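Student: Provided below are the primary sequence and the corresponding predicted coordinates.
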Amino acid sequence: MKKFLLTLGLVSSFAGVAVSQTRPTQPADSTRRVAGATGMQGNAARNTKPKPYTEVITDKAQSKAGFFKTHKVEDKYFFELADSVLGREILVVNRISKAGAEVRSSSGYAGDQIGSAVIMFEKGPDDRIFMRKISYATYSPDSTRSMYQAVQRSNVQAIVAAFNVAAYGPNNKSSVIDITDYLKGENEIFSFSSATGKSRFRLGNFLSDRSYIQNVRSFPQNVEVTTVKTYVLTPPTSGFGAAPAGGASANSALNGSSTIEINSSMVVLPRKPMQPRYFDPRVGYFTVGYTDFDANPQGVKEIQMVKRWRLEPKEKDMAKYKRGELVEPKEPIVFYIDPATPKKWVPYLIAGVNDWQKAFEKAGFKNAIIGKEAPSAKENPNWSLDDARHSAIVYKPSEIPNASGPSISDPRSGEIMESHINWYHNVMKLVRDWYFIQASAIDPRARKMEFSDELMGDLIRFVSSHEVGHTLGLRHNYGSSSTVPVENLRNKKWVEANGHTPSIMDYARFNYVAQPEDNITSKGIYPRIGDYDLWAIEWGYRLLPNAKSAEAEIPILNKMTVAALKNRRHWFGTETNPDDPHSQNEDLGDNAMKASEYGIKNLQRIIAKLPEWTREENQGYESLDNMYGQLTTQFNRYMGHVAKNIGGVYENPKTVEMEGPVYERTPAATQKEAMAFLDRQLFTTPTWLLSPAVLNNTGSNPMLVVSRSQEAVLNRLISNNTLTKLIAGEALDGNSAYRVTDFFTDLNSAIFREVKNKQAIDVYRRNLQKIYVEQLIDLVKPAPAASSSAQVSSRGPVRPTMNIAQSDVLSVAKAELRNINSLIKSAAAGQSDSLSNYHLLDLSDRINDALNPKG
């Protein structure tokens, strides 16, 4: 078995008292009780000798057996660590279990994770027990090779705490340590993992006199510690009560305090790690990783292992599994629904979990994942949501309109140990707004502000399935929807049978392409677990019994993947590529222009009915204002989907066994189609967005509504990044490329149409022309210290953007400004509209100043 060697972690702790030259400074309250390092580094500084076991663990002890024994003797807590526990790697996960309203922003609710670490207890000299914090950043797999010894010498694990042995257990086979001060103190293992984590909740200095241990519970594979900790509450960084410029308040104690309850789960990691599965960029999984010093004989190799649950057949069923029969796993994946969840939503959340069962059948397992209602205190008084053996969907009474699916995994193998899905109450507003804007044109149930329980339950089920997918290891697949021909989304039979995207892990909410006359039901509107999801779970969870190592799995999995990707519906499009038009969130179909055209038709239907459908008796116009904002946001999404095609670069990760290139430029015809769409739907003022019935009751500024949409698109188009890609495309594809000169010809024709025709220019078009000219001027006068910058991608090194002064971008931008100036000068003289004339003269002055700067 591979032995992991570990990255050196240096920990510095200062537990002394600062002294000035005039008088001693009193230690902060956070250090008074931990002077001598208790609470931060353990209690070894006391240097006491072990006592007889019965003098320490007296007959007053409240003892609990489990992974290791825990004892409470009056106000002291002890861990009794059997020799078999020493050297075992233990995953510690810290979560907030209770918190006050003052610490909440985007987090601070029960179930929120605030830190994790892997630790190990070991015997030290002089009757001490050391706690080491383990890192898995680097390792060398072969102890017989010289690199192993070199890595080992350079990767000593940090000792983060030392404890005196209070007593040795019966037969000297266990060591008892007093853990009281360390648990209730402030340290990186049983509290926040970093100062940044604390600052997120506005927590400052630790107040030890208001902190204590609530309880310690021991279970067969884990120990649960609950502590109550109090901190100085720091001022907010913005808004009312924010600290003045220059730092925090001089007396932070005046800002009050905040008390939180923290649950720390200590989970023993398996003695033998699960066989890992190496990441493949063609299938979207979350990963854990390390640097391998032996994998590459002439260097190092970054290894990424996918995160997944350990699913294995029962021993008696292995032969059946190998024959291809469905078998139940030894340990199914179980998600409990938080008892605090409103009862009417529980069945939908459970359904969202159970929907994944069919995916695991592709991997050879039946009943592999199960959603359950958590047992009541009467049914099982020992059951706890905080017990790390239980994964759960945790309901949070929060105004945050969101949900998330994090998981905790074994850093040695990627094995997912448990998950607490965050389910915020206000996610219902989020899905209501989505569904109203994307589906009310085709679904009458969505034409009001309060949905029926049935409709809301269906939407909750879809979000539940999506978040569960994350906890199974799956990343977003933004490219999945691009594999569906747009016209299929209007084909009732096809879309109801196949769904509008092959992956529920896509951000492809609802079928906004479908038109009212298509008569498509919810089967063709809602997302569902699709072909990609079934394939991804099969790739990640099917056991390969003949492959005895992760390396041996590689050719088998590659063969499976090459075959699977012959079906485009199995394609994975990452969420991190800024250039690929196929990989976009909130989009649908294989052609953004066609899909957005249909989407706009539905938005036009909705805006005409918006005052009626948002009307609530005895209420004002807040709902109208909110939904108008949602509608314009949806319109802007369509514009962004289209704009990404210009200068687009398709990315298709491949191994050498697969045909075709990895990178391809978006065809010139597609880019011209995108430019024509933007001219028609955006640069030509979208007056349909400016409904008087809406604007007069919301106070929205019509010019801002239009100009913000136009500016966002022009920011993308007239950028160093886009223009550099167009120039690079011409260098690679020659005359078949959509050249940068073609791009500017099309853009100028769209934006300066009235100027060329010597027509009056209305206020919306004047604003558009100003935005465009200012974007070009920004290119001519770039920000100081401009330099090459690399784009970030999870798929490895990415192409940097060229320094604008070293490319044709600056030359082209100047040329376009000269062309525009020439056009303006010839048109201004014949312009009879005074405002249009002032506008053109102003643009000419701006261009002259940019091209001929003074001084």
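Tutor: Received, thanks.

Student: give me the pLDDT for the closest residue to Leu455 other than its chain neighbours.
Tutor: Of all residues not flanking Leu455 in the chain, Arg445 sits nearest, at 5.1 Å (Cβ to Cβ, 6 or more residues apart in numbering). Glycine gets a C-beta too; all of them are placed from N, C-alpha and C. Arg445 is assigned a predicted lDDT (pLDDT) of 98.

Student: what about Arg445, how many neighbours?
Tutor: 14 (other Cβ atoms under 10 Å).

Student: was I right about it contacting Asp453?
Tutor: No. In this structure Arg445 lies outside contact range of Asp453 using Cβ atoms under 8 Å: 11.4 Å.

Student: dump the residue contacts of the residue nearest to Leu455.
Tutor: Phe451, Ser452, Leu455 (Cβ atoms under 8 Å, 6 or more residues apart in numbering).

Student: any of those buried? List them.
Tutor: Phe451, Leu455 (16 or more other Cβ atoms under 10 Å).

Student: specify which member of the contacts of Arg445 is nearest to Met274.
Tutor: Leu455 (40.9 Å; Cβ to Cβ).

Student: helix, strand or coil: sort out that closest one for me.
Tutor: For Leu455, the assignment made with DSSP: H, G, I helix; E, B strand; the rest coil gives helix.

Student: can you start the count at 725 instead of 1 from here on
Tutor: Okay, using 725 as the starting number, the last item reads as Leu1179.

Student: just to check, it is in contact with Pro1168?
Tutor: No. Applying Cβ under 8 Å, one finds Leu1179 not in contact with Pro1168, separated by 10.6 Å.

Student: identify the contacts common to these two.
Tutor: In contact with both Leu1179 and Pro1168: no residue, using Cβ under 8 Å, 6+ apart.

Student: how far away is Pro1377 from Asp851?
Tutor: 56 Å (Cβ to Cβ, to the nearest Å).

Student: scratch that, Ser1204
Tutor: 60 Å.

Student: among these two, which residue is more densely surrounded?
Tutor: Ser1204 (29 against 18).

Student: in which helix or strand would I find the closest residue in space to that one that isn't next to it in sequence?
Tutor: Once flanking residues are discounted, Ser1204 sits nearest to Ser1227: 3.7 Å by Cβ to Cβ, 6+ apart. Counting by DSSP states H and E, no helix or strand carries Ser1227.

Student: wait, Leu1213 touches Asn1315, no?
Tutor: No. Here Leu1213 lies out of contact with Asn1315, judged by Cβ under 8 Å, at a distance of 10.7 Å.

Student: quick revisit: and the residue nearest to Ser1204, what is it in contact with?
Tutor: So Ser1227 contacts Asn1201, Ser1204, Ser1205, Gly1254, Asp1255, Tyr1256, Asp1257, Ala1260 (Cβ under 8 Å, 6+ apart).

Student: how much space separates it from Arg1252?
Tutor: 9 Å.

Student: partners of the host helix or strand of Tyr1014, with directions?
Tutor: Secondary-structure element containing Tyr1014, defined by DSSP H and E: strand 1011-1016. Note on strand 1011-1016: by DSSP bridges, its sheet partners are strand 862-863 (parallel), strand 1025-1030 (antiparallel).

Student: which of the ones you listed sits closest to Ile986?
Tutor: strand 1025-1030 (29.2 Å).

Student: now do that closest one, average pLDDT.
Tutor: For strand 1025-1030, the mean pLDDT works out to 90.

Student: what's the answer for stretch 1069-1080, then?
Tutor: So the average pLDDT for stretch 1069-1080 ends up being 97.

Student: and for that stretch, what's in contact with it?
Tutor: By Cβ under 8 Å, 6+ apart, stretch 1069-1080 touches 1059, 1061, 1065, 1093-1097, 1117, 1147, 1181-1182, 1184-1189, 1191-1193, 1196, 1252-1253, 1261.

Student: got the buried residues for that stretch?
Tutor: Buried, per 16+ other Cβ under 10 Å, within stretch 1069-1080: Trp1069, Val1070, Tyr1072, Leu1073, Ile1074, Ala1075, Gly1076, Val1077, Asn1078, Asp1079, Trp1080.

Student: could I get those as JSON lines with secondary structure?
Tutor: What follows is these, written out as JSON lines (three-state DSSP):
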{"residue": "Trp1069", "secondary structure": "helix"}
{"residue": "Val1070", "secondary structure": "helix"}
{"residue": "Tyr1072", "secondary structure": "helix"}
{"residue": "Leu1073", "secondary structure": "helix"}
{"residue": "Ile1074", "secondary structure": "helix"}
{"residue": "Ala1075", "secondary structure": "helix"}
{"residue": "Gly1076", "secondary structure": "helix"}
{"residue": "Val1077", "secondary structure": "helix"}
{"residue": "Asn1078", "secondary structure": "helix"}
{"residue": "Asp1079", "secondary structure": "coil"}
{"residue": "Trp1080", "secondary structure": "coil"}
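
Student: what's the mean pLDDT across stretch 1231-1238?
Tutor: pLDDT averaged over stretch 1231-1238 gives 96.

Student: next: stretch 1130-1141.
Tutor: 90.

Student: can I get that stretch in CSV, CA atoms only?
Tutor: The C-alpha trace of stretch 1130-1141 is given here as CSV (Å, rounded to 0.1, in the frame of the first residue of the first chain):
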residue,chain,number,x,y,z
PRO,A,1130,-20.5,20.4,0.3
SER,A,1131,-18.9,17.2,1.4
ILE,A,1132,-16.0,16.0,3.6
SER,A,1133,-13.6,13.5,2.1
ASP,A,1134,-10.6,11.4,3.0
PRO,A,1135,-7.6,13.4,1.7
ARG,A,1136,-5.7,10.1,1.1
SER,A,1137,-8.2,8.7,-1.4
GLY,A,1138,-11.0,11.1,-2.1
GLU,A,1139,-13.5,8.9,-0.2
ILE,A,1140,-16.5,11.0,0.8
MET,A,1141,-17.1,10.5,4.5
